[in-house]
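S.K.: Kindly return the folded structure for what I paste below:
(chains A, B, C and D)
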2 protein chains.
Amino acid sequence: MLMKVKRTTIQDIADKTGYSKTAVSFAFNSPSRISKEAVEAILKAAEELDYIPDPMARNFSLGKHMSLGFLLPQRVEYTLMNPYMQEVMRGIAEVCQEHGYMLTLIPPLHSSVIEAVKNATVDGIITLGLAIDKNIKGILRQRQMPIVAIDGSFDDEIHSVSVDDVSAAELQLSKVLEKGHRDIAIISLPEDAYAKRNSEAESVVKKRKKGYMKALEKYSMSLSDLTLVSTETTLQDGINAARTILKEKSPTCFVTMSDAVALGIIEVLDELNLNISVIGFDGIEEDGFHTRRLTTIHQSGKEKGMRSAEVLFSLINGEQAPIKTLIPYYFSEGTTLKEAL
Amino acid sequence: MLMKVKRTTIQDIADKTGYSKTAVSFAFNSPSRISKEAVEAILKAAEELDYIPDPMARNFSLGKHMSLGFLLPQRVEYTLMNPYMQEVMRGIAEVCQEHGYMLTLIPPLHSSVIEAVKNATVDGIITLGLAIDKNIKGILRQRQMPIVAIDGSFDDEIHSVSVDDVSAAELQLSKVLEKGHRDIAIISLPEDAYAKRNSEAESVVKKRKKGYMKALEKYSMSLSDLTLVSTETTLQDGINAARTILKEKSPTCFVTMSDAVALGIIEVLDELNLNISVIGFDGIEEDGFHTRRLTTIHQSGKEKGMRSAEVLFSLINGEQAPIKTLIPYYFSEGTTLKEAL
DNA sequence: CTGTTAGCGCGTTCAA
DNA sequence: TTGAACGCGCTAACAG
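M.R.: Here you go, the predicted model:
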């Protein structure tokens, strides 16, 4: 049975040394404000009593948290499994580290993203693939908490970091069409409810579809000439989608909006020994154990993470920051997109 | 130029409704404590003024943080790259989520783990592969912050979660010896400074070496009959280690203490087209893109994470918890450990 | 049962 | 160099 011992506080040090709380605070934070002897005596007493200024009290007093929040749109079982998400997280974490900040992962609280946002003790929030609706915006406004969105859907008051999804998608499908594919199955991300309701909100899905339409135009085709389904973004979702589609159709190429899904599809194709092309989107990092390289549109997750953290730090410091930050993307040739037969 | 507008506080709601701050607090936290009309009026006013109780003030008042800390032993570039670390993190994150907690990643602050521990605003800390020395223990004691260690080295007052490293290592090397290998190179983890100084502290490395010695005894061999080097635990370290060793020696089998290192070694072996066996340790998750399966000693990182978070929550709640938690391990047969020629 | 007053937690900082 | 106020919500104790 532990005794609930009282922690040593600033007052204890003040009492022991005969100086005031203020002096003790100065000894730690601006030693030059008081005499050398005072500083020495205070630090000595602190040493003896094992005094450490309570960081929570300190932060409360300063109105800071010294941590950025990474708001997870879904339960961690899903989000943290996604290798692209992990890359983004690494990018954010690196910038946090440079700023002497921590990185707080914020899962939905009681299954509610809203509740999570209400209770998060962080200085600012980064989201990935989240729909930032009026409710969330309202809470953030009241809490005066800046936010930076990566992908997802939101209006144009929200700071965001992304690639130019329209042209990236156009490039992706163009590569496929150039190879002669015409029976194409597109595996989209789910169109979120927010974007559905707000026709003006440009979700990633909408932008990519716009890009696809542009690519198709050159071949006098339209989206309705393709098979189009939506799934979540895990490997398993890719497996399921492939199985479902292959029951009904036999495309010559799968076009996905996520590498994780593409990998799942490839697993099914290998299993069934089918020679169907696949192109992904994201460009997740090699892990040195991949023998077959996925053809994909590469966008650096790490860079997205870093840039968004940088923008967020600017906002936290009350500095100006561009509303939209675009990062580069490029076609990454692998071995999974072949000529159509 | 943003106005620094004052947030709506509990006092504002009290003023607006004519009730006291206490009543407002009750309306949110124990509505049954006051009349229905009062609750309604207060919530209505809160709604109108977009009032949200400040979570930091709330936590400060309650003496909680609602977050567990995952203390990273090195800079995030290294730690977050390690797939085993990621698995552990997922395990921790899932348990946090269930408890309505956040998970805070704590990188070394100004390159100092000590400083990070002093300033971390969390209710408890989980470490992985860290040496918990007197300094860290002292800070945690003063801060009355519980800690759970995964692997790493520490004395027997620290709560820990791990496998039985002695017998797991014995099993690992026994499998190698059974296959007839005698020219063996062991790639160890670095022996940390703390464990070096404290001969009684049982670091993971020491335990595993003990296991290796046991396995060797049956063949009348000793560690000095093998090649033994240490590296950090990234893929790149594995690559470097393999190159260095192969300049001087030509073992028939590499035995590593980490899958990441094993994968790096395999990369070099592929490159040089060498048919040398490799056995890893960890059992990182398949990602569906691996065509060759690593032979390894499997220990579930996710389970380690979950169990350690559970122990930590017990400690936070002032409950009893076992000092040592052992999780199971097993030999996972892949294709990288072959019969010695 | 309903509601209030007053003080707490702990470090920071303004005015003296 | 310091006393006192401050940040903001929680809660023990108390009154009606």
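
S.K.: those strands in chain A, which residues are they?
M.R.: Counting by DSSP state E, chain A has strands at residues A:67-71, A:102-106, A:124-128, A:147-150, A:159-162, A:184-188, A:227-230, A:253-256, A:277-282, A:296-299, A:324-326, A:329-332.

S.K.: Tell me which residues of the shortest one come out buried.
M.R.: Read it as strand A:324-326. residue A:325 (16 or more other Cβ atoms under 10 Å in any protein chain shown). (Glycine included, C-beta is placed from N, CA and C.)

S.K.: May I have the strands that pair with that strand, each with its orientation?
M.R.: strand A:159-162 (parallel) (DSSP bridges).

S.K.: For the partner strand, list the C-alpha coordinates in CSV.
M.R.: Presented in CSV, the C-alpha positions along strand A:159-162 are these (Å, rounded to 0.1, in the frame of the first residue of the first chain):
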residue,chain,number,x,y,z
HIS,A,159,-4.7,24.9,-43.6
SER,A,160,-3.8,21.8,-45.6
VAL,A,161,-1.0,19.9,-47.0
SER,A,162,-1.4,17.6,-49.9
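
S.K.: can you give me how far it is from the chain middle?
M.R.: Chain-centre distance of strand A:159-162: 10 Å, with Cα atoms, centre = their mean, to the nearest Å.

S.K.: what do you get for stretch A:57-66?
M.R.: Distance, centroid of stretch A:57-66 to centroid of chain: 25 Å (Cα atoms, centre = their mean).

S.K.: Let me see the contact set for residue A:213.
M.R.: A:222-223 (Cβ atoms under 8 Å, 6 or more residues apart in numbering or on different chains).

S.K.: So which of the strands of chain A is the most surrounded?
M.R.: strand A:253-256 (a mean of 28; mean count of other Cβ atoms under 10 Å in any protein chain shown).

S.K.: of the strands of chain A, which approaches residue B:211 most closely?
M.R.: Residue B:211 lies closest to strand A:102-106 among these, at 34.8 Å (Cβ to Cβ).

S.K.: Against which helices or strands is that closest one packed?
M.R.: For strand A:102-106, the packing partners by 3 or more Cβ pairs under 8 Å, 6 or more residues apart in numbering or on different chains; DSSP states H and E come out as strand A:67-71, helix A:83-98, strand B:102-106.

S.K.: Note down every partner strand of the first one and its orientation.
M.R.: Paired with strand A:67-71 in the same sheet, following DSSP bridges, are strand A:102-106 (parallel), strand A:124-128 (parallel).

S.K.: Just send these back as TSV, with distance to DNA strand D too.
M.R.: TSV is the format used below for the strands paired with strand A:67-71 (distance: least, Cβ to the nearest atom of the strand, whole Å):
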stretch	distance to DNA strand D
strand A:102-106	19
strand A:124-128	17
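
S.K.: quick one, what contacts the residue nearest the centre of chain A?
M.R.: Centroid-nearest residue in chain A, with Cα atoms, centre = their mean: residue A:128, separated by 3.6 Å. By Cβ under 8 Å, 6+ apart, the contact list for residue A:128 reads A:70, A:73, A:85, A:88, A:149-152.

S.K.: Which ones among the residues you listed also lie next to DNA strand D?
M.R.: Restricting those to those touching DNA strand D (Cβ under 7 Å from any atom of the strand) yields no residues.

S.K.: and which of these is nearest to residue A:63?
M.R.: residue A:70 (21.2 Å).

S.K.: Hmm, the closest one is touching residue A:124, no?
M.R.: No - the criterion here is Cβ atoms under 8 Å, and residue A:70 misses it with residue A:124 at 10.4 Å.

S.K.: circling back: for the strands of chain A, which one sits closest to residue B:324?
M.R.: Closest among those, once you apply Cβ to Cβ, is strand A:102-106, at 27.6 Å.

S.K.: relative orientation of the closest one and helix B:83-98 in degrees?
M.R.: 60 degrees (axes from the mean of the first three to the mean of the last three Cα atoms, to 10 degrees).

S.K.: thinking again about what came up before, want to try a markdown table for the helices and strands packed on strand A:102-106, with mean pLDDT and distance to residue B:16 as columns?
M.R.: Shown next, in a markdown table, are those (pLDDT from 0 to 100; distance: least, Cβ to Cβ, whole Å):
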| stretch | mean pLDDT | distance to residue B:16 |
| --- | --- | --- |
| strand A:67-71 | 98 | 30 |
| helix A:83-98 | 95 | 38 |
| strand B:102-106 | 98 | 31 |
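
S.K.: Out of the ones you listed, which is closest to DNA strand C?
M.R.: strand A:67-71 (16.8 Å; Cβ to the nearest atom of the strand).

S.K.: residues making contact with that closest one?
M.R.: Residues contacting strand A:67-71 (Cβ under 8 Å, 6+ apart): A:89, A:92, A:96, A:101-106, A:113, A:116-117, A:120-128, A:130, A:309, A:312, B:102, B:104, B:121.

S.K.: And stretch A:304-311, by the same measure?
M.R.: Counting by Cβ under 8 Å, 6+ apart, A:68, A:87-96, A:126, A:148-150, A:159, A:161-162, A:321-322, A:325, A:327 sit against stretch A:304-311.

S.K.: cool, and stretch A:10-21?
M.R.: A:23-25, A:38, A:41-42, A:45-46, A:48-49, A:51, A:53.

S.K.: which of those residues come close to chain B?
M.R.: residue A:51 (Cβ under 8 Å from any Cβ of the partner chain).

S.K.: could you redo the contacts of stretch A:10-21 as CSV and give each row distance to residue B:231?
M.R.: Converted to CSV, the contacts of stretch A:10-21 look like this (distance: Cβ to Cβ, whole Å):
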residue, distance to residue B:231
A:23, 49
A:24, 46
A:25, 45
A:38, 49
A:41, 47
A:42, 45
A:45, 44
A:46, 40
A:48, 42
A:49, 42
A:51, 40
A:53, 39
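
S.K.: List buried members of the contacts of stretch A:10-21 by neighbour count.
M.R.: A:23-25, A:38, A:41-42, A:45-46, A:51, A:53.

S.K.: Now do the contacts for the residue in the stretch 51-200 of chain A positioned nearest to DNA strand D.
M.R.: Nearest residue of the stretch 51-200 of chain A to DNA strand D: residue A:61, at 4.0 Å (Cβ to the nearest atom of the strand). Contact analysis of residue A:61 by Cβ under 8 Å, 6+ apart lists nothing.

S.K.: what pLDDT does it get?
M.R.: For residue A:61, the pLDDT comes out at 96.

S.K.: Could you report the separation of it from residue B:31?
M.R.: 31 Å (Cβ to Cβ, to the nearest Å).

S.K.: Ok, residue A:204 next?
M.R.: From residue A:204 to residue B:31 the distance is 41 Å (Cβ to Cβ).

S.K.: Equivalent analysis for residue A:323, please.
M.R.: Residue A:323 is 41 Å from residue B:31, by Cβ to Cβ.

S.K.: coming back round to it: make JSON lines from the helices and strands packed on strand A:102-106 and add distance to DNA strand C to it.
M.R.: Formatted as JSON lines, the helices and strands packed on strand A:102-106 follow (distance: least, Cβ to the nearest atom of the strand, whole Å):
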{"stretch": "strand A:67-71", "distance to DNA strand C": "17"}
{"stretch": "helix A:83-98", "distance to DNA strand C": "21"}
{"stretch": "strand B:102-106", "distance to DNA strand C": "19"}
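
S.K.: So for residue A:242, which of those sits nearest?
M.R.: Nearest to residue A:242, of the helices and strands packed on strand A:102-106 and by Cβ to Cβ, is helix A:83-98 at 18.6 Å.

S.K.: list the contacts for the residue lying closest to residue A:147 once chain neighbours are set aside?
M.R.: The shortest distance from residue A:147 to any non-neighbouring residue, by Cβ to Cβ, 6 or more residues apart in numbering or on different chains, is to residue A:125 (4.7 Å). Residues in contact with residue A:125, defined by Cβ under 8 Å, 6+ apart, are A:68-71, A:106, A:117, A:140, A:145-148, A:312.

S.K.: repeat that for 7 Å
M.R.: A:69, A:71, A:145, A:147 (Cβ atoms under 7 Å, 6 or more residues apart in numbering or on different chains).
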